[in-house]
Structures are given as structure tokens and as C-alpha cells.
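Undergrad: Sequence and predicted structure are below.
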Amino acid sequence: MRVTAKQIANKLGVSAAAVSMALNNKDGVSDVLRHTIINTAREMGYDFSRIEAKHNPSKSIALVFCYKNFIFDPPFFNELVKNLEFELKKCGYNLITHRIHDDDNLEYEIKVINQLRYAGIFLLGTTLSLHELEPFLTIKEPMVLLDTFFSSIDLNSVTINNTAIAFSATDYLITKQHCQPGYLQSCQQIVNFEERSSGFYQCIRKHHFSPSQSIVHSLSPTIEGAYTDMLKLIDQKAPLASCYFADNDAIAIGAIKAFKERGYQIPDDIAIIGMDNLPISSLIDPSLTTYQIPKNHMASVSVQILLNLIQTHDKNTTRVMINGHLIRRESA
């Protein structure tokens, strides 16, 4: 007997509309609920081929997300996805997203992607290690890796020029504050943050400061996490710098909230600069000085590379690094 969306809805106690949106990969349900619905559908023996038949493989591009510990799209990636959709629609393609979580069967998920025979694949590799990336190399369709790079993998990639941007941000702080900046470093180590760390320390050495003298705080890479971590450090009387480079805007905003709560004036007592230019960065008090990453340009370049691969089957690989520009505001 064929399993229906209504039966899945009844089992989970959700609406049939929610089940339909989840199974068809449409907006309107949370990622946690989508994950639960898809897994339940598989357990009940739902026939996914009916959904797969709706896709036109020759005009569909997949964007594969890999989430660690159920960390979902921050605003940066939501904006990137919208720009990818816009660029692909101009070329007659549609974007289908695949969300893969820690407890999913990766071999099965990759098998499904191969069976769907998309025209091409974007793999968002922000949180992936080299070991975690390797299973995706079995995907048969042309593929472009987004937001990370591994020199040992022969794969086209489009990344942010993290090292150069972090260097420029640190240089701006030193030039304006005339002192050695501290570092609000993410405790979650991914390639992007490692590159930003490299840029920070390169700039420290360029200005003849000793890297070992930089005050470094390891903070969670979320606003609330960084706020909690920074409050604890302040209350423990940890040494503080008079200015900081932060690995991302979320860390910078969380730290600003903590500093203000403990009576520090931003930027008079402590100046801070971030990276990514999240929408909230212009709304906080004081507004955050940061670096804008042009997501529209990143999406346009990524689409150009992938469509060229689809059309020409070019065996040469390319790495494109996207630069950012400074957004001067009040925090530094």
C-alpha cells in the first residue's frame, strides 16, 4: 500500500502541508522538522520517485548543505542561496537544495544525489574537513565547491579571500588605534577561520608586533555563545585588549554585548571589527565596523564556472577567491 503525505502527517502530528513542503524541499518548515519528516517518510517506505520525477535533471542544479550538530543557515548563507537562485534562473536553471546532517547515512544521501542526475552540483563545504569531503568525490556530475578549498583535491572552488580580508581588517585597526590588537577567535575550527587567523597574525608581524603578545579569546561563533563566553572571561578578570579583530560578525556582536553589560564603552574603551557584514551589524549600538563579502558576485562567479563545466566538460580546475570591502561604522 502506497504511503501518503497524510499518513506521515498523522504519525508526526503535523499538517499535511508541512509534510508536502518538507518532501518537496520548499520553504515554510524548519530544518529540524524537515529532517524529521524525511527520515520518517523513509522509515515508512514513502515512494520518493514520485518527487524525483518532477525534476528536470537537465535544468536542475543541486546545492548540497552539510550541517554539523544541527547548525543551520546563518544569514550569510541564506543570502548566498538567494543569489545563486537568481543567477541560475537567468540561465534557465532551477536550484534544488539537499540538506545532510550529522546523523544521516552519507553513503545513502550521495547515492540519492547521483540517482537524481542533476545537471551540476554546488557543494557548500564551509564546515567540511578534507576527510569529510572525500565521499562527495564519487558524485558523477560537474561540481563546484563553495566557501572552502583543499589543495590536495582537484575540484573547482569559489572561496572568500579570508587571509587577505583579515589582514586588511587588522591593518585598519592598527592604523586607527595605534596599538596591538587582540583576537576574538572562533573556538570552532574550520578552514575559513584558520585562514582568517593566518591573515591576522601576518598583519601583526608586518607591524613588528610579537604574535605571542596578542591577547586572544576563544569564543563560540554565535552571538549568544560569544556573549556568554566573553562575560565569563571578563568576570574572571582575563586581560583585555583595547581593540579586537573578530573571526566573524556574530562573535564581534556577542562580545560587544558582553563588554557593554560590564560597563565598557565601544569604541572608546574597546574597538572591534568583524567580518561578513551580517544585516544585524548595522542595527546594533554602536553599529559594527566590518568587511562586506559580495554574495551576489560570489554567486555569479560560481554559476559561471559550473555552467561552463556542464557545457564544455573542461578538465582544468579553477579556484576563485572573492575579496571584500570595508564598511566603516561606529565600533572601530
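TA: Now that the structure is in, tell me what you want to look at.
Undergrad: All the helices of this protein, residue numbers only.
TA: Under the criterion DSSP state H, helices of the chain are mapped to 5-12, 16-23, 31-44, 49-52, 75-90, 106-116, 130-133, 162-177, 191-206, 223-235, 249-261, 295-312.
Undergrad: where in the stretch 51-200 of the chain is pLDDT low?
TA: 51-57, 68-74 (pLDDT under 70).
Undergrad: if we can go back for a sec, between the helices of the chain, which one is closest to Leu123.
TA: With CB to CB as the criterion, Leu123 lies closest to helix 130-133 of these, at 7.9 Å. For the C-beta atoms, the positions are set from N, CA and C on the backbone; glycine is no exception.
Undergrad: just how off-centre is the closest one within its chain?
TA: 16 Å (CA atoms, centre = their mean, to the nearest Å).
Undergrad: Buried residues of that helix, list them for me.
TA: Leu133 (16 or more other CB atoms under 10 Å).
Undergrad: For it, C-alpha coordinates in PDB please.
TA: C-alpha atoms of helix 130-133 as PDB (Å, rounded to 0.1, in the frame of the first residue of the first chain):
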ATOM      1  CA  LEU A 130      39.200  17.000   3.900                       C
ATOM      2  CA  HIS A 131      38.200  13.600   5.200                       C
ATOM      3  CA  GLU A 132      34.600  14.600   5.200                       C
ATOM      4  CA  LEU A 133      34.800  16.000   1.700                       C
END
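Undergrad: Can you tell me which of the helices of the chain is most buried?
TA: With neighbours taken as mean count of other CB atoms under 10 Å, the helices of the chain reach their highest mean count in helix 249-261, at a mean of 24.
Undergrad: Output it as CSV, restricted to C-alpha atoms.
TA: Extracted in CSV, the C-alpha atoms of helix 249-261 (Å, rounded to 0.1, in the frame of the first residue of the first chain):
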residue,chain,number,x,y,z
ASP,A,249,30.3,39.4,13.0
ALA,A,250,28.4,37.1,15.3
ILE,A,251,31.5,36.8,17.6
ALA,A,252,32.0,40.6,17.4
ILE,A,253,28.4,41.4,18.3
GLY,A,254,28.3,38.9,21.2
ALA,A,255,31.5,40.3,22.6
ILE,A,256,30.2,43.9,22.2
LYS,A,257,27.1,43.0,24.2
ALA,A,258,29.2,41.5,27.0
PHE,A,259,31.6,44.4,27.1
LYS,A,260,28.7,46.9,27.3
GLU,A,261,27.0,44.9,30.0
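Undergrad: now what about that helix, what contacts it?
TA: Helix 249-261 is touched from outside by 74, 184, 186, 217, 219-231, 234, 244, 246, 266, 269-270, 272-278, 280-281, 284, 286, 288, 290, 331, with contacts defined as CB atoms under 8 Å, 6 or more residues apart in numbering.
Undergrad: Ok, stretch 7-17 next?
TA: Residues from elsewhere that reach stretch 7-17, judged by CB under 8 Å, 6+ apart: 5-6, 18-19, 28, 33, 36-37, 40-41, 44, 46.
Undergrad: Endpoint to endpoint, stretch 20-38 covers what distance?
TA: Stretch 20-38 has an end-to-end distance of 10 Å (criterion: CA to CA, to the nearest Å).
Undergrad: what's the spacing between that stretch and its chain's center?
TA: Relative to its parent chain, stretch 20-38 has a centroid offset of 20 Å by CA atoms, centre = their mean.
Undergrad: tell me the average confidence for it?
TA: Averaging pLDDT along stretch 20-38 gives 80.
Undergrad: right, and the helices of the chain - which one's nearest Lys59?
TA: Between Lys59 and the helices of the chain, the tightest spacing by CB to CB is seen for helix 75-90, at 9.3 Å.
Undergrad: helices or strands up against the closest one?
TA: strand 60-66, strand 94-100, helix 295-312 (3 or more CB pairs under 8 Å, 6 or more residues apart in numbering; DSSP states H and E).
Undergrad: How far away from the center of its chain is that helix?
TA: Helix 75-90 sits 13 Å away from the centroid of its parent chain (CA atoms, centre = their mean).
Undergrad: swap in stretch 325-332?
TA: In terms of CA atoms, centre = their mean, the centre of stretch 325-332 is set 22 Å apart from its chain centre.
Undergrad: and if you look at stretch 294-308?
TA: Offset of stretch 294-308 from its chain centre (CA atoms, centre = their mean): 16 Å.
Undergrad: coming back round to it: just send the helices and strands packed on helix 75-90 back as CSV, with distance to Val14 too.
TA: CSV is the format used below for the helices and strands packed on helix 75-90 (distance: least, CB to CB, whole Å):
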stretch, distance to Val14
strand 60-66, 22
strand 94-100, 18
helix 295-312, 32
